[in-house]
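**Student:** compute the structure for the input listed below.
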Amino acid sequence: MTRHPFIALIAFGLVAAVGAQPVGGRMPFESGRGLVLIQGRINGSRPLSFILDTGAGISVIDNSLIESLGLKEVGSTTAIGAGGAARAKSLEGAKLALDPLGEPVELPLIGLPIKGLEMQIGAPVDGILGRDLFDKYVITIDYRDRWVGFSKEPPAPGRGKVVPFKYERGIPVVEATVELSDGRKVVTTLGVDTGSTRGVTLYSGFTTENKVLPFPGASIETLSGGVGGMRASVLGRLNAVEFGGFRIARPIAQVNPTAVSGSAESADRGGLLGSEVFRKFRVVVDYPRNRLILEPNDDFDRAIETDMVGLGLTKTATHVRVTRVNPKSPAGEGGVKPGDVLVEVDGSSAPTLGLTALEELFRTEGKTYSLVFMRGQERRELKVTTRRLL
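**Tutor:** Numbers count the residues shown, from 1 in each chain. Predicted coordinates:
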């Protein structure tokens, strides 16, 4: 049977609370705009940076690395991503080494041009680790303390709740209730996608059938995507999303108004749960037993926020560039335009701070920042005070 990979992106050791130390041990991770980035090696390579992604039906390496890693191209396939379909190279000969695992493990890979994701999350990305790794281990993601654990046996649930899931197109899917902004409750299923930077994504079929748009309250038009390209979407707040006995109040949802040919959207489910939701838990991903174990952390009751300055940003090695400006925001009202380069925040270099730190700064209400932008050769200074836009 031909396997069709499913990849959804843009747009993460066990402790006593959930059981004993994992057999394989644990390793730290870096956060790239909420995504879990871990380091590993392929065939004895230099350290490579991988997104740990339950939304990927197969693991991925960037095309530029195929030859240097000694991988063999054995054909091609179609990768289905958030922004549409893309042709991928089927590869053999990869052995992945992660520090907690001891011996390297064989890992099927496909090759795609994914380096563009680095600009979106502001961190190096060489590959994506998906279902093939999750099939081999029980993997724990501790978002609060930033570590990932690997074991062969599941932990005791402890204070966590067991949430069963089924597979659909290669990713876990859980039963959920979406409470829309006008109070209507819709029972549906949502994919589990640690490779999504959003809290909730609602697919176009769900959006149309349930008349989600326009939001009764504030909304923001934006772009989203990942593998397959970018697409127009709308951000707004839901009243709640419920799954596994948990209620997440007032999550921000990315709503896809229209279908994109070849995208990863499924008519069988309402959308996805992403990292903004899962960051509220220690998450045990137990593919062999078709279940999650979710233990709320200290951030569980903290409100999910988004940018309060009004900027969409991307980052290269040397620049943080403005790609989008909300006209009804502090930045828009201050005259910032797409294409401007953010140079400094309160005297600190914006590229040195990075997108993850900038995102955190700009998500706190009532803070005043001194920003410096370059527009061509013109230096522009602006004071902004953050306020909720959603």
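**Student:** quick check: buried residues in stretch 382-390?
**Tutor:** 382, 384, 386, 389-390 (16 or more other CB atoms under 10 Å). C-beta here means a position set from N, CA and C on the backbone, and glycine is covered the same way.
**Student:** next: stretch 337-353.
**Tutor:** 340-345, 350-351, 353.
**Student:** for the buried residues of stretch 382-390, which one is nearest Pro288?
**Tutor:** Leu390 (38.6 Å; CB to CB).
**Student:** in this structure the closest one contacts Arg237, no?
**Tutor:** Yes: look at Leu390 against Arg237 with CB atoms under 8 Å: they come within range, at 5.5 Å.
**Student:** mind listing the shared neighbours of the two?
**Tutor:** Residues touching both Leu390 and Arg237 by CB atoms under 8 Å, 6 or more residues apart in numbering: 217-218, 252.
**Student:** of these - the most surrounded one?
**Tutor:** Ile252 (20 neighbours; other CB atoms under 10 Å).
**Student:** residues contacting stretch 36-51, please?
**Tutor:** 9, 12, 27, 29-32, 35, 52, 61, 65, 68-71, 93-98, 104, 117, 123-129, 141, 143, 148, 194-195, 275.
**Student:** and if we set it to 6 Å?
**Tutor:** 12, 29-30, 35, 52, 69-70, 94-98, 123-129, 141, 148, 195 (CB atoms under 6 Å, 6 or more residues apart in numbering).
**Student:** what about these, which are in strands?
**Tutor:** 30, 35, 52, 95-97, 127-129, 141, 148 (DSSP state E).
**Student:** nearest to Lys185 among the buried residues of stretch 382-390?
**Tutor:** Leu390 (20.8 Å).
**Student:** so what's Lys337 up against?
**Tutor:** No contacts exist for Lys337 under CB under 6 Å, 6+ apart.
**Student:** that one and Leu223, how far apart?
**Tutor:** 16 Å (CB to CB, to the nearest Å).
**Student:** repeat for Val148
**Tutor:** 30 Å.
**Student:** so these two - more neighbours on which side?
**Tutor:** For Val148 versus Leu223, neighbours defined as other CB under 10 Å are more numerous around Val148 (25 against 16).
**Student:** now the ones in strands among the contacts of stretch 36-51 in CSV, with distance to Arg159?
**Tutor:** Formatted as CSV, the ones in strands among the contacts of stretch 36-51 follow (distance: CB to CB, whole Å):
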residue, distance to Arg159
Glu30, 27
Leu35, 26
Leu52, 23
Lys95, 37
Leu96, 32
Ala97, 33
Gly127, 34
Ile128, 31
Leu129, 27
Ile141, 16
Val148, 20
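**Student:** quick test: name the residue nearest the centre of the protein.
**Tutor:** Ser196 (2.6 Å; CA atoms, centre = their mean).
**Student:** give me the number of residues near the nearest residue to that one once chain neighbours are set aside?
**Tutor:** Closest residue to Ser196 apart from its sequence neighbours, by CB to CB, 6 or more residues apart in numbering: Gly274 at 3.2 Å. Per other CB under 10 Å, the neighbour tally for Gly274 reads 31.
**Student:** next: the one 10 residues further on.
**Tutor:** Other residues lying near Val284 total 28 when counted by other CB under 10 Å.
**Student:** element containing Tyr369, please.
**Tutor:** strand 368-375 (DSSP states H and E).
**Student:** list of residues touching stretch 169-187?
**Tutor:** 6, 55, 57, 131, 163, 165-166, 188-192, 210, 215-216, 239-243, 269.
**Student:** can you name the element that comes right after the host helix or strand of Ile220?
**Tutor:** Using DSSP H and E, Ile220 falls within strand 219-226. Following strand 219-226 in sequence order, the next helix or strand is strand 229-237 (DSSP H and E).
**Student:** could I get the CA-only coordinates of that next one as CSV?
**Tutor:** The C-alpha trace of strand 229-237 is given here as CSV (Å, rounded to 0.1, in the frame of the first residue of the first chain):
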residue,chain,number,x,y,z
GLY,A,229,2.8,27.3,0.7
MET,A,230,0.9,30.1,2.4
ARG,A,231,-2.8,30.8,2.6
ALA,A,232,-5.2,33.5,3.8
SER,A,233,-6.7,33.0,7.2
VAL,A,234,-8.5,34.9,10.0
LEU,A,235,-7.6,34.9,13.7
GLY,A,236,-10.3,35.3,16.4
ARG,A,237,-11.3,34.0,19.7
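**Student:** cheers, nothing more for now.
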